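Student: sequence unknown, structure follows:
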């Protein structure tokens, strides 16, 4: 509810500056209220005394302002420039009438005393969530959700952090009132109507010790009255690694080995063995035969170019496979082999309807995603059927079924070996 009354406000006589004050129902000044002029990008926020000021770019008799603040009802109001106005905002009680699932039924939020977080997924479908964790990430307080970097997109989920050193800390998952022992990867995020999280000890009163780490209650969609509804969601995208540090190429790696070997030798040693770690093909003032005999127990009288290069690479402490690859000009860009630009596809179609005697919701979902690592791929086919029929005024028969076929047998590259 929003009440408006004419009162004390400050306005310049020129009419080019609009000033006002925003208060609450009990007379307190309301700070950080967003005030926007409709149809323009002009706006401001109220100060600690609830005051705001807007400078008009052109002379006009009336303007339309919108007032918004978290926890209060927004309002759009047409005001006359030059008149004194005072705005009174009332708190929003809309969320108090929201129905939440509490484990043994439903209740209005204003009647619930336990710690419950509710997430309505209708507005989140536009974000193209890959998993249930994507629906919850950033939308539910008290949840610790990891980042899913694989093609599967799954991540660990904890309610209020880890509560044990050795035992499991995962919450209990309940789908449509039934304990769900599967993985969230088997559930299509587009099939979810709402998610409620029970975070306090009252959850154990319904589900027992299994709920010691919290409960995640998932309610799937049902048909709505009216004409049959057909919904199609299609997402296509590409993923690639970002912010990866650049790695050295072959020449840069040899330069690094040269700096390392020179840096660990004394000055006297380097004077006694000039250009010891320099490429023998680039020597300046040092004979190749003398250079080769630096580390020979028995000096030789002739040497081939192959022997010179192998001796140089050995001094740089390259391993035998690395030396052989260099001699055969086999240079591998491991980042190019390990990482890829992955294609991700997600298609879902759903049919639903409801009438006086029946209610149904049927969905099909196909997922085919590639990760940023070569060989990392996830394929999944999921379908759900929620059916309910009213046989008599006091008897209903229904079934909630979910079927999923996952293919996770693809062999991903061990990219961590690149660090070793």
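Tutor: Perfect, thanks for sending it. As the structure is a computational prediction, the values presented were derived from the model and not from experiment. Numbering: from 1, shown residues only.

Student: And residue 392, how close does it get to residue 357?
Tutor: 10 Å (C-beta to C-beta, to the nearest Å). The C-beta positions use only the backbone N, C-alpha and C, and glycine is treated the same way.

Student: Pick out whichever of those two has more residues nearby.
Tutor: residue 357 (10 against 7; other C-beta atoms under 10 Å).

Student: Now do the same contact list for the more buried one.
Tutor: Residues counted as contacts of residue 357 (C-beta atoms under 8 Å, 6 or more residues apart in numbering) are 389, 390.

Student: please renumber so the chain begins at 33
Tutor: In the new count, where the first residue is 33, that last one comes out as residue 389.

Student: Could you report the pLDDT at it?
Tutor: On pLDDT, residue 389 comes in at 89.

Student: any idea how far it is from residue 212?
Tutor: 29 Å.

Student: just residue 76 next, same as before
Tutor: Counting by C-beta to C-beta - residue 76 and residue 212 are separated by 49 Å.

Student: can you check residue 161 too?
Tutor: From residue 161 across to residue 212, the span is 18 Å (C-beta to C-beta).

Student: out of these two, which sits in the busier spot?
Tutor: residue 161 (21 against 16).

Student: what about the helices in the stretch 233-382 of the chain?
Tutor: Ranges of helices within the stretch 233-382 of the chain are 236-239, 282-295, 299-304, 320-324, 337-347, 352-359, 366-370, based on DSSP state H, counting those that start in this stretch.

Student: which one of the ones you listed lies closest to residue 208?
Tutor: Evaluated over these, closeness to residue 208 peaks at helix 236-239, with 14.5 Å, by C-beta to C-beta.

Student: Mind checking the pLDDT average for the helix or strand containing residue 415?
Tutor: Secondary structure from DSSP states H and E places residue 415 in strand 409-424. The average pLDDT for strand 409-424 rounds to 92.

Student: Surely residue 85 touches residue 49?
Tutor: Yes - counting by C-beta atoms under 8 Å, residue 85 does reach residue 49; the two are 6.2 Å apart.

Student: Can you tell me which helices and strands the strand holding residue 415 packs against?
Tutor: strand 390-402, strand 427-439 (3 or more C-beta pairs under 8 Å, 6 or more residues apart in numbering; DSSP states H and E).

Student: So the closest residue to residue 96 other than its chain neighbours versus residue 176, what's the distance?
Tutor: Leaving aside its chain neighbours, residue 96 sits nearest to residue 70 (4.0 Å; criterion: C-beta to C-beta, 6 or more residues apart in numbering). As defined by C-beta to C-beta, residue 70 lies at a distance of 41 Å from residue 176.

Student: and what of residue 113?
Tutor: 51 Å.

Student: which of the residues in stretch 292-309 are buried?
Tutor: 305, 307, 308, 309 (16 or more other C-beta atoms under 10 Å).

Student: And for the third one, nearest residue in space, chain neighbours not counted?
Tutor: Which is residue 308. residue 326 (5.6 Å).

Student: how many neighbours does the one you found have?
Tutor: When counting by other C-beta under 10 Å, one arrives at 15 neighbours for residue 326.

Student: mind listing what's buried in stretch 210-225?
Tutor: Buried residues in stretch 210-225, counted by 16+ other C-beta under 10 Å: 212, 216, 217, 218, 219, 220, 221, 222, 223, 224.

Student: quick one: contacts of it?
Tutor: So stretch 210-225 is in contact with 152-154, 157, 161-167, 184-186, 204-207, 239, 242, 250-254, 263, 265, 380, 382, 393, 395, 397, 412, 414, 416, 432, 434, 436, 438, going by C-beta under 8 Å, 6+ apart.

Student: what's the domain layout of the chain?
Tutor: 34-121, 128-252, 282-364 (automatic domain parsing).

Student: can you tell me which residues contact the nearest residue to residue 334 once chain neighbours are set aside?
Tutor: Nearest residue to residue 334 in three dimensions, chain neighbours excluded: residue 321, at 7.2 Å (C-beta to C-beta, 6+ apart). For residue 321, the contact set (C-beta under 8 Å, 6+ apart) comprises 332, 333, 334, 335.
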